[in-house]
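[1] Sharing a sequence plus its predicted fold:
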Amino acid sequence: MTESRDDVNEQVKADWKDDTTPFERVYEIVEQTHAGQSAAEIAARALVSDPRHVGTASRS
């Protein structure tokens, strides 16, 4: 059975959420971000619903 790319991406996202805390995910995104982004954009990429995590990670 062949999985679609979307299915694989969704599984990887689910695994990432299971294996990391919201802070760890935001920190990873902030480390990889070279252009300015809003807290909401970073929160969406880090799969967190609360942008408060973004402000905490960006100060580290």
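    Now that the structure is in, tell me what you want to look at.
[2] Got phi/psi on the nearest residue to residue 28 once chain neighbours are set aside?
    Sequence neighbours aside, residue 46 is the residue nearest to residue 28 in space, at 7.3 Å (criterion: C-beta to C-beta, 6 or more residues apart in numbering). For the C-beta atoms, the positions are set from N, CA and C on the backbone; glycine is no exception. Backbone torsions of residue 46, given as degrees, to the nearest 10, read phi -90, psi 0.
[3] what about residue 46, how many residues close to it?
    By other C-beta atoms under 10 Å, the residues close to residue 46 number 24.
[4] Give me the pLDDT for it.
    We note a pLDDT of 94 for residue 46 in this prediction.
[5] Spatially central residue for the protein, please.
    Closest to where the C-alpha atoms of the chain average out (C-alpha atoms, centre = their mean) is residue 46, at 1.4 Å.
[6] Could you list the low-pLDDT ranges of this structure?
    For the chain, applying pLDDT under 70 flags the ranges 1-2, 50-60.
[7] longest helix of it?
    Criterion DSSP state H: the longest helix present in the chain is helix 5-19.
[8] packing partners for that one?
    Packing partners of helix 5-19 (3 or more C-beta pairs under 8 Å, 6 or more residues apart in numbering; DSSP states H and E): none among the helices and strands.
[9] What is the subsequent helix or strand relative to it?
    helix 22-32 (DSSP states H and E).
[10] and after that following helix, which helix or strand comes next?
    As assigned by DSSP H and E, the chain's next helix or strand after helix 22-32 is helix 39-45.
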